[in-house]
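Student: Show me the folded form of this:
(one chain, ligands or ions: 1)
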Amino acid sequence: MSGSTTNAGGSVTVTLDGTNKSMKLPLLPGTIGPEVADIRKLYSELGIFTYDPGYGGTAACESKITYIDGDVGVLLHRGYPIEQLAEHSTFLEVAHLLLNGELPTPAEKHDFEQGVMRHTMLHEQLRSFYNGFRRDAHPMAIMCGVVGALSAFYHDSLDINDPEVRRISAFRLIAKMPTIAAWAYKYAIGQPFIYPRNDLGYAENFLYMMNAVPAEEYHVNPVLARAMDLILILHADHEQNASTSTVRLAGSTGANPFACIAAGIASLWGPAHGGANEAVLKMLREIGHVDNIPGFLEKVKDKNSGVLLMGFGHRVYKNYDPRAKIMQHTCHAVLKELGIKDDPLLDLAAELERIALHDEYFISRKLYPNVDFYSGIILKAMGFPTSMFTVLFAVARTVGWFSQWKEMIEDPSQRIGRPRQVYTGPTQRDYVALDQR
Ligand code: CMC
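Tutor: Model (predicted):
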């Protein structure tokens with residue numbers, strides 16, 4: 001097969017070598033970013049599929065939500081740079097932006113916040129659901145189960161074709177995730193579940209449910225509440241990553257959003273994705289001291305060791321992840337607020353980053369710190385156990401998943417997701433009777 005682009009006509013011509021068969025693939029222009037060859041008719045016209053494991057060169061959908069330019073380290077939500085949203089906005093405002101396409105007016109902001117904060121409670125019957133888990137269950141396992149179970153509690157709102165049902169389901173999911181997450185934590189440590197307080201801000205309420213006990217008054221530190229809000233903003237959406245694509249694929253069958261988000265949580269759990277923040281902290285503890293960094297990096301560079309520098313590298317960013325920069329600043333602010341002058345893990349992380357960024361292995365592969373490199377250190381300082389790090393990512397990403405799911409459902413060209421394969425197994429053969437094998 002050979003190909004040539006002719007931008008004037010907005011197409012690329014593909015010719016099957018050794019035949020007289022060729023076809024023009026239309027080039028689809030986005031508002032920004034590279035053009036995309038439309039291969040939908042390739043099989044019907046040329047009888048061939050395309051091969052792209054990991055989908056590194058394949059656009060699976062059209063989207064207006066998030067744009068990433070990984071070469072320069074740009075992240076835009078509905079056109080707004082993440083740096084500006086992090087500085088000026090709040091998580092719920094960003095949630096409105098992702099879901100509805102625009103920053104809210106003051107009246108819309110009020111209604112949206114009320115809409116979310118009036119859905120924070122869980123059905124009382126869900127309380128007993130937690131008792132089915134072992135106390136030492138990983139909270140991500142509990143998240144998968146409880147979020148999936150929400151669909152059993154909202155029979156009235158499973159008609160995904162009804163826009164009002166979609167609106168209420170968004171409120172329910174965004175509102176209940178912090179409660180589900182905080183209760184997973186309380187269950188593990190054997191403390192009573194703390195009910196949400198709708199008079200608090202979103203991040204503030206989450207910290208309240210995580211840290212309060214019924215026996216005492218608890219006031220959330222506003223600096224930490226703001227830091228938590230920022231962490232939620234930074235994780236809110238990231239276009240077609242593994243968990244988001246999982247949500248879209250599950251949703252393409254018409255499955256309800258609670259089930260789809262549970263699928264997203266399962267996909268997020270892996271150490272190559274949302275589990276990386278937990279893995280970073282484990283890695284830093286294993287390295288233990290700056291003197292051990294060179295030895296550790298030698299292992300990372302040895303392909304046979306299977307050791308990766310966790311919190312480094314990204315499928316799309318071939319430059320500094322813009323979220324990592326903001327996270328690094330937040331990390332210092334949180335440690336200062338908590339009166340932690342010297343955090344050995346932070347010092348270790350900073351030195352590891354410095355050395356790696358000057359190392360030919362990482363430079364040549366364009367491996368830079370990603371969002372997870374510093375988030376674990378902040379969360380640990382705030383008192384979160386490592387097992388809760390990925391849970392927090394799931395709380396934040398729920399709005400991104402929901403926005404992408406909603407966009408897909410509202411897209412008239414949406415079809416069930418169904419990739420193809422290169423079959424390399426045996427060709428057809430006859431069954432062999434058991435006594436002849
Ligand atoms: N440490 C050492 N080498 C690495 C790393 C790393 N963290 N990441 C990539 N490489 C190497 C990789 O071995 C390959 O080397 P070579 O060209 O010699 O074969 C080269 O860099 C290109 O990497 P790749 O495997 O093509 O990258 P990918 O796009 O398939 O993987 C990644 C991206 C994020 C899965 C990977 O970089 C990784 O596993 N990083 C560590 C885990 C991590 O921090 N994940 C969080 C991602 S950001 C948050 C999120 O989206 O969830």
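
Student: Pull up the gap between whatever residue of the stretch 301-437 of the chain ends up closest to the ligand and residue 285, please.
Tutor: Using C-beta to the nearest ligand atom, residue 313 is the residue of the stretch 301-437 of the chain that sits closest to the ligand, at 2.4 Å. Heads up, the C-betas are built off the backbone N, CA and C, glycines and all. Per C-beta to C-beta, to the nearest Å, residue 313 is found 20 Å from residue 285.

Student: re the thing from before, quick check: chain neighbours aside, which residue is closest to the residue of the stretch 301-437 of the chain closest to the ligand?
Tutor: Once flanking residues are discounted, residue 313 sits nearest to residue 367: 4.5 Å by C-beta to C-beta, 6 or more residues apart in numbering.

Student: so that neighbour makes contact with residue 310?
Tutor: No. Contact between residue 367 and residue 310 fails when scored by C-beta atoms under 8 Å: they sit 11.4 Å apart.

Student: mind listing what residue 424 touches?
Tutor: Residues in contact with residue 424 (C-beta atoms under 8 Å, 6 or more residues apart in numbering): none are found.

Student: Around residue 230, how many other residues sit close by?
Tutor: By other C-beta atoms under 10 Å, the residues close to residue 230 number 24.

Student: Repeat that for residue 295.
Tutor: Neighbourhood size, residue 295 [other C-beta under 10 Å]: 9.

Student: Quick check: phi and psi at it.
Tutor: phi -60, psi -40 (degrees, to the nearest 10).

Student: sorry, back to before: more neighbours: which of residue 367 and residue 310?
Tutor: The neighbour comparison of residue 367 against residue 310 (other C-beta under 10 Å) goes to residue 310, with 23 against 20.

Student: which residues does that one contact?
Tutor: Neighbouring residues of residue 310 by C-beta under 8 Å, 6+ apart: 271, 276, 279-280, 282-283, 372.

Student: start to end distance for stretch 59-74?
Tutor: 18 Å (C-alpha to C-alpha, to the nearest Å).

Student: which residues does the residue of the stretch 101-250 of the chain found nearest the ligand contact?
Tutor: Residue nearest to the ligand within the stretch 101-250 of the chain (C-beta to the nearest ligand atom): residue 241, separated by 5.1 Å. Residues near residue 241 by C-beta under 8 Å, 6+ apart: 273, 315.

Student: Quick check: it vs residue 164, distance?
Tutor: 29 Å.

Student: quick one: the strands in the stretch 1-150 of the chain?
Tutor: Remark: strands assigned in the stretch 1-150 of the chain by DSSP state E, counting those that start in this stretch are 2-6, 11-15, 22-28, 36-37, 66-69, 74-77, 80-81.

Student: Quick one: name the residues of the chain near the ligand.
Tutor: 238, 241, 272-274, 276, 300, 308-315, 365, 367, 370-372 (C-beta under 6 Å from any ligand atom).

Student: Among those residues, name the buried ones.
Tutor: Buried members of the residues of the chain next to the ligand, scored by 16 or more other C-beta atoms under 10 Å, are 238, 241, 273-274, 276, 300, 308-314, 367, 370-372.

Student: which helix of this structure spans the most residues?
Tutor: helix 163-189 (DSSP state H).

Student: Okay, buried residues for that helix please.
Tutor: 165-166, 168-188.

Student: Report whether residue 220 is found in a strand, as I expect.
Tutor: No. Counting by DSSP: H, G, I helix; E, B strand; the rest coil, residue 220 falls outside a strand, being coil.

Student: for the residue nearest to residue 313, helix, strand, or coil?
Tutor: Per three-state DSSP, residue 367 ends up coil.

Student: list the contacts for it?
Tutor: By C-beta under 8 Å, 6+ apart, the contact set of residue 367 is 309, 312-313, 356, 361.

Student: Among these, name the ones in helices.
Tutor: Using DSSP H, these in helices are 356, 361.

Student: May I see the contacts of residue 367 organised as a markdown table, with pLDDT added?
Tutor: Output for those, formatted as a markdown table (pLDDT from 0 to 100):
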| residue | pLDDT |
| --- | --- |
| 309 | 95 |
| 312 | 93 |
| 313 | 93 |
| 356 | 93 |
| 361 | 96 |
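
Student: Distance to residue 108 added to the contacts of residue 367, as CSV?
Tutor: Output for the contacts of residue 367, formatted as CSV (distance: C-beta to C-beta, whole Å):
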residue, distance to residue 108
309, 43
312, 39
313, 39
356, 44
361, 49
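
Student: Not counting sequence-adjacent ones, nearest residue to residue 287?
Tutor: Spatially, and ignoring its direct neighbours in sequence, residue 287 is nearest to residue 296 (5.0 Å; C-beta to C-beta, 6+ apart).

Student: correction: residue 338
Tutor: Counting by C-beta to C-beta, 6+ apart, the residue nearest residue 338 is residue 381, at 5.6 Å.

Student: Please apply the same query to residue 389.
Tutor: residue 277 (4.3 Å).

Student: what's around residue 373, how many residues?
Tutor: Residue 373, neighbours per other C-beta under 10 Å, totals 27.

Student: typo on my end, it should be residue 46
Tutor: 18.

Student: so who does it touch?
Tutor: By C-beta under 8 Å, 6+ apart, residue 46 lies in contact with 14, 16, 21-23.

Student: how much space is there between it and residue 19?
Tutor: 9 Å.

Student: Just confirm residue 211 contacts residue 383, I think it does.
Tutor: Yes. Assessed by C-beta under 8 Å, residue 211 is found in contact with residue 383 at 7.0 Å.

Student: So between these two, which is more surrounded?
Tutor: Applying other C-beta under 10 Å to residue 211 and residue 383 shows that residue 211 carries more neighbours, namely 20 against 12.

Student: what residues are up against that one?
Tutor: Going by C-beta under 8 Å, 6+ apart, residue 211 touches 218, 220, 383.

Student: Read off the pLDDT value for the residue nearest to residue 338.
Tutor: You'll see residue 381 listed with a pLDDT of 89.
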